[in-house]
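> Dropping a prediction and its sequence here:
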Amino acid sequence: MGLLSDPEYGSVKWVRVLKKVHSPLCFICYICAIGWFFMLAHREFNNETYFSENALLPGLVTNEFDAEYSANKFYKEFLQELEDKYEDSDEMPVPWLVGKMSQLDLEVYTHNFTLNYPLGHGQVYKGTNVYGILRAPRTSSLEALVVTAPFRSLSSHQKGTAAGIGLMLAFAQFARPQKYWAKDIIFLITEHEQLGMQAWLEAYHGLRRESDTFYTSLSSFWQPGSELFKHFKVLEKITDQTKCLDPGTLKGRSGSIQAAINLEFHTPKFKYIEVKVEGLNGQLPNLDLVNLVHKLCIKSNLHHSYKNSYSWIRTRNKMDEWINNIWTMLGMVGSQIAGVPNGNHGLFHRFNIEALTLEGRDASDPGQPPRIHSLHQASFHRLGITLESILRSLNNLLERFHQSYFFYMLAATNRFISIGQYMPSLCLLCGAMLIRALSLWVTLQKDDEKDVDKETVKDENKVAEGEKDSKELPKELLKEEVQEVTKDIVQVKEQAEKNVKEKVELKNIGVNGFSLANIGGNYLLVHLMGYTVMNLPPLFTYIGAIHFSLPSEVSVFYGLLSSSALFIILTPKCLKTTSKLTYDELTIVNILMLIELSTACLAIGVHNFPLGVCLAALYTPLALIVGVVEDKQGRFLLFIKRVICLLLQPLLILMILMILYSRVLFPEEGIFMMMSRGKDAAMQAIMFSIVDSMIYGNWLFNIVCTVILPTWILSWQILWNKIQI
Amino acid sequence: MVLYCQIFLIVSYLLHFSLGSAVELPEQFHKSNHTNNWAVLVDTSRFWFNYRHVANVLSIYRSVKRLGIPDSQIILMISDDMACNPRNPRPATIFNNAHEQINVYGDDVEVDYRGYEVSVENFVRLLTGRVPPDTPKSKRLLTDEGSNILIYLTGHGGDGFLKFQDSEEITSQELADALEQMWQKRRYNEIFFIIDTCQASSMYEKFYSPNILATASSLVGEDSLSHHVDSAIGVYIIDRYTYYVLEFLENVHPNSKKTMSEFLSVCPKSACLSTVGVRRDLFKRDPNKVPITDFFGSVRPVIITTDPIYIKHAPKRKKTLNVTRVPEKREYLPQFPMHLVKNTI
């Protein structure tokens, strides 16, 4: 701090250099960051995957799985059962599953859960999970592995999972008499997709809906129904979401879960397996587990893929490989940004359980990999031996996965990028913002006698400088500085003892002064706005339902839209309080905005790199072009800046992205159709992110409301406040 | 007392006479002056994926025992119970080969230190003899100045240390000092030191006590590798060096004439994939002339006599056994020892 507050440092060489080069430097940083990110996909910049955990002993054991016949039988019987009795209902055939599992000598239990839908009109959803525990014969039930499959009814729009359930039952039949299990195996079939999984996991780990520790124990970003609203009786009813998911209780438990495999096989005769890893808030399973699955797929002669990387396509052309890897990386980024798990495995991660999903894919599925028609089909035998070898490897584990990477990106099924390799890209982006902040700071700290740039126009502002530094500078220094400027401040010198008091007076007079109250108050207010927006959706739903009888996503969408419009119109006025704004004040606002945005992006990026890097890549240009507007500035340039800023408003950018996305999906449609599709998609996206945030603890909505929206408002304020010189 | 002395003199005279003139003994027998053989066999690593280390040490145990060192003179230290590991698909057995012909954890294995008893402290105390007074005999190395000791270590090592269990390690200096202490306390005559770990030769480089012959499965900077996988059990089943040592020892009998130098060249680099290290400078004899049984076999005290022995009362075998045995009546002891209490009343 000594360096930054030294009054003579304006003449130091690096300061002069920084003042000159900061804008090209920021630009170079930005370009380098983007370049770095794409270079990571190249073979020279990423690494071959390897096993860190010795205990896994992958694939050493001979496969003994011989229950192919029973897998087929279970599969057909299950489908038959669904067609016979559950043709037109979405219910799960609980008695059938319980019966089959009991016949296999598993300890079978059912688990009921209830969801009080947080944004509806008191809708209540109920569901049932079925699970059977295979107890390890020669050890106590201290550890467990989970094999799970979501139940999907025949009428579901998603692919079924009947083959997965059939395989699971057949595997249970095969595994039951084996004597080498050192961990229990829980065979779990969940209802209502992720909801059932979340409820089961919460119940398994003893979380109660009433408990206060519910959210804090999960290190959730935000506790819904916060203290703020407790004082208003009406609001309390609306904002009380603590009880939205009642996980119920489990009748039977096993030990601590070490790993979980989720199966999504609609038929045994698919072409290849897609290994899905992305979890809640972009969390990933340990790299060892991912490697294990890929390696054992190879060993069992099963085709497997990750995003754009297919095991049966290995090009020798470096350029093709690079482009392929870039697409794989971007695919991973795309699925991590939203923070929504792309399979039931994603909910395990927050409980420190490594999990992933194996999804069976066909030629008809999206992606359309090349040469797919020439691939041989999978079969229950191949799937069975793959599952067997995965579970036997996991059975060898002595402790939780802890050796390999938890933070990584995959460039192919067998190439990875570690956190140390990808972080520089994000650091460069945030570095650009910080360099900009530093350069603004040094322009603020001029010393006119030694200032080489001789920016005499802004000399008066030195008072403000003195003011701002009052806490850091020795009083004498401050006095000297102040003395040289105006006559008003001569008094300050005379009354050195009452220095502080004087300054408060000075501030209140506000002659070209610097008002901390104004800046700080505005800063606080802006964040309060963000926080309020975060808590508003239940109120929007309530109002929408009572007065306009609108569905909740529509009312939330329009509610957010109107509050955005309100912010766009009103917030620029917030800064103008009693006096005219000064250059320094606005610069301080700008610096605060830059620091907040870069810190937030870095912090987010440590946990969820794709989200952090995308926010940074999107908002760094905005943060760099935003600057204090002076009267003489060109109108056209200002207009462009304002348009860019407006387009980057979180809600608007979401709608723009959704419109573009629907353009990509349905290129034949007209512009208005496209717009309405985009609007609907944005509506759905907002609704999903709010509900995810309430039920599962997804951060995205909260981050956007409490960090991105306030920083955006700050930049909007800066661009709309001209200063007179 | 005088009588005893006379008898002793006569016996020794007779012995000398008989050894000197009557029987021709091979040359080697004169050279070693040890009077007993001991073996310390240590597996330092635990966990299922280190199955091979337990198999290593049990295989050596088996060979040593076959060659004549009794269980009372073998200290066997095993860190983990692989036989009862729940992951073992062949419960209560340990094999050292994928053919699974020999269960090295058979009927007759005496493990002296097991589980977490295998620690650096216990190992050093065992070697130096500074054990707590209540230590049972089976956990003591009761050697003397006439003892030849075979020390075999296996586990995970690095440059200058050997890892014990999952938390501690012994350094080469500590081991060298322990051996020096043994020498000063006259606890050995000669030591043959075998170690099968990664960078194994670093462990004997610091030795400075006399009469030690040392060999290691790999040089510094090299890894010792496993030999093969038993895919039925799903583990690496034995290490390369020990595998070839066993192959060699299988052809050794208590009477064989094989020498230590043959043992030292048992695993060429083509088979081991690591270079076997040997340290001879502390050992006074020529390994070419030292029979392998000096360390792997056992000294059996034999008195050779040329005088005929007259057995006066040869027991006569009864031809018929007409005596009908009355079955002995057996009963359980009373749960409370009332028969003892009665007397006091």
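Yep, it's here.
> The closest residue to chain A within chain B - how many residues pack around it?
Taking Cβ to the nearest Cβ as the measure, chain B has B:G234 as its residue closest to chain A, at 3.1 Å. Any C-beta I mention is one placed from the backbone N, CA and C, and that applies to glycine too. B:G234: 26 surrounding residues under other Cβ atoms under 10 Å in any protein chain shown.
> Just the strands from the stretch 501-650 of chain A, written as ranges.
For the stretch 501-650 of chain A, the strands defined by DSSP state E, counting those that start in this stretch occupy A:629-630.
> quick one on the thing from earlier: tell me the pLDDT of the residue of chain B closest to chain A.
In this model, B:G234 is scored at 89, pLDDT.
> Roughly how far does it sit from A:L289?
18 Å (Cβ to Cβ, to the nearest Å).
> now A:N262
From A:N262 to A:L289 the distance is 12 Å (Cβ to Cβ).
> Can you work out which residues contact both of these two?
Taking Cβ atoms under 8 Å, 6 or more residues apart in numbering or on different chains as the criterion, A:N262 and A:L289 both touch A:355-356.
> so A:Y50 makes contact with A:D288?
No - using Cβ atoms under 8 Å as the test, A:Y50 is too far from A:D288 to be in contact (9.2 Å).
> Looking at those two, which is more packed in?
Applying other Cβ under 10 Å to A:Y50 and A:D288 shows that A:D288 carries more neighbours, namely 26 against 11.
> Helix or strand for the closest residue to that one other than its chain neighbours, just tell me which one.
If the residues on either side of it in the chain are set aside, A:D288 comes closest to A:S404, at 4.1 Å by Cβ to Cβ, 6 or more residues apart in numbering or on different chains. Using DSSP states H and E, A:S404 sits within no helix or strand.
> pLDDT at the residue of chain A at minimum distance from chain B, what is it?
Nearest residue of chain A to chain B (Cβ to the nearest Cβ) works out as A:V61 at 3.1 Å. At A:V61, the model reports a pLDDT of 88.
> Can you name the residues that contact it?
Going by Cβ under 8 Å, 6+ apart, the list of residues near A:V61 reads A:389, A:392, B:231-234.
> Show me what from chain A comes close to chain B.
A:54-55, A:57, A:60-62, A:136-139, A:178-182, A:392, A:395-396, A:398 (Cβ under 8 Å from any Cβ of the partner chain).
> Please repeat the previous calculation with a cut-off of 7 Å.
A:54-55, A:57, A:60-62, A:136, A:138-139, A:179-180, A:182, A:392, A:395-396, A:398 (Cβ under 7 Å from any Cβ of the partner chain).
> A:C427 belongs to a helix?
Yes - with DSSP: H, G, I helix; E, B strand; the rest coil as the criterion, A:C427 is part of a helix.
> Near it, how many other residues are there?
A:C427: 19 neighbours (other Cβ under 10 Å).
> Using the three-state scheme, assign the most centrally placed residue in chain B.
Taking Cα atoms, centre = their mean, the centroid of chain B lies closest to B:A39, which sits 2.8 Å from it. What three-state DSSP gives for B:A39 is strand.
> For it, report the pLDDT, please.
B:A39 is given a pLDDT of 94.
> My guess is it contacts B:I69. True?
Yes - taking Cβ atoms under 7 Å as the definition, B:A39 is a contact partner of B:I69 at 5.3 Å.
> Quick one: the helices in chain B, in order.
With DSSP state H as the criterion, chain B has helices at B:2-17, B:28-31, B:51-66, B:120-128, B:172-184, B:240-249, B:260-264, B:269-272, B:293-296, B:338-344.
> Quick check: beta-bridge partners of the closest residue to A:E107 other than its chain neighbours?
The spatially closest residue to A:E107, leaving aside those adjacent along the chain, is A:I133, at 4.4 Å (Cβ to Cβ, 6+ apart). Assessed by DSSP bridges, A:I133 has beta-bridge partners A:E107, A:I186.
> how many other residues sit next to A:I133?
21.
> so who does it touch?
Each residue near A:I133 by Cβ atoms under 7 Å, 6 or more residues apart in numbering or on different chains is listed here: A:106-107, A:184, A:186, A:252, A:254.
> Can you check what pLDDT the model gives it?
93.
> Equivalent analysis for the one 5 residues further on, please.
Note for A:R138: predicted pLDDT of 89.
> List phi and psi for it.
Main-chain torsions, A:R138, degrees, to the nearest 10: phi -120, psi 20.
> What about it, how many residues nearby?
15.
> Who are the contact partners of it?
A:179, B:86 are the contacts of A:R138 under Cβ under 7 Å, 6+ apart.
> With A:L660 instead?
Counting by Cβ under 7 Å, 6+ apart, there are no residues that A:L660 touches.
> quick one: secondary structure of it?
Once three-state DSSP is applied, A:L660 turns out helix.
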